[in-house]
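Undergrad: Below is the sequence, then the predicted model.
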Amino acid sequence: MRNEKGFIFPTTMVIVLFCLLIVAHISISLISEKQFYSETEQYYLLDNLMQLAVDQSLFEIKNGTAKINEVTKTNTINGTFTYLINEITPSIYEAQISCISTKNKQYTASYQYDLIKKEMIVWSEY
């Protein structure tokens, strides 16, 4: 035991460094997972806002109460959506929709609706 010459200190330092690396890895994994869940939540909130905006704009187009070339803005608990309805031809309308969540994530899309066929003929997201 007299010839150890400092064996305990380097061994302790290696074990401490190893434990710190494990703690760092676990904390990075948890932070990454939390960011993933936050992004996923925002995605579904924006998807819900987009569905509400599409339903409301389609309702106005089908009933003939759509405000042509006027921006309609609606606030909800999850965020805000705006849409602009344009008349391309007497039977085809185009709606441009923009949704913004409470955390300023944005989702924009547009569609064209044919009154004769009673269906969406074009859908694009950007």
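TA: That came through fine.
Undergrad: got the phi/psi numbers for the most centrally placed residue in the chain?
TA: The centroid of the chain falls nearest to residue 43 when counting by CA atoms, centre = their mean (2.9 Å). When read as degrees, to the nearest 10, the backbone of residue 43 gives phi -60, psi -50.
Undergrad: Do you know the pLDDT at it?
TA: At residue 43, the model reports a pLDDT of 94.
Undergrad: what does residue 126 give?
TA: According to the prediction, residue 126 has pLDDT 82.
Undergrad: does the residue lying closest to residue 73 once chain neighbours are set aside sit in a helix or strand, and which one?
TA: Distance criterion CB to CB, 6 or more residues apart in numbering; nearest residue to residue 73, sequence neighbours excluded, is residue 82 at 4.6 Å. Every residue, glycine included, has its C-beta placed from N, CA and C. Under the criterion of DSSP states H and E, residue 82 resides in strand 79-89.
Undergrad: rewinding a little: quick check: beta-bridge partners of the residue nearest to residue 73?
TA: Listed by DSSP bridges, the beta-bridge partners for residue 82 are residue 73, residue 98.
Undergrad: what's around it, how many residues?
TA: 16 (other CB atoms under 10 Å).
Undergrad: isn't it right next to residue 72, touching?
TA: Yes: using CB atoms under 8 Å, residue 82 is in contact with residue 72, at 6.6 Å.
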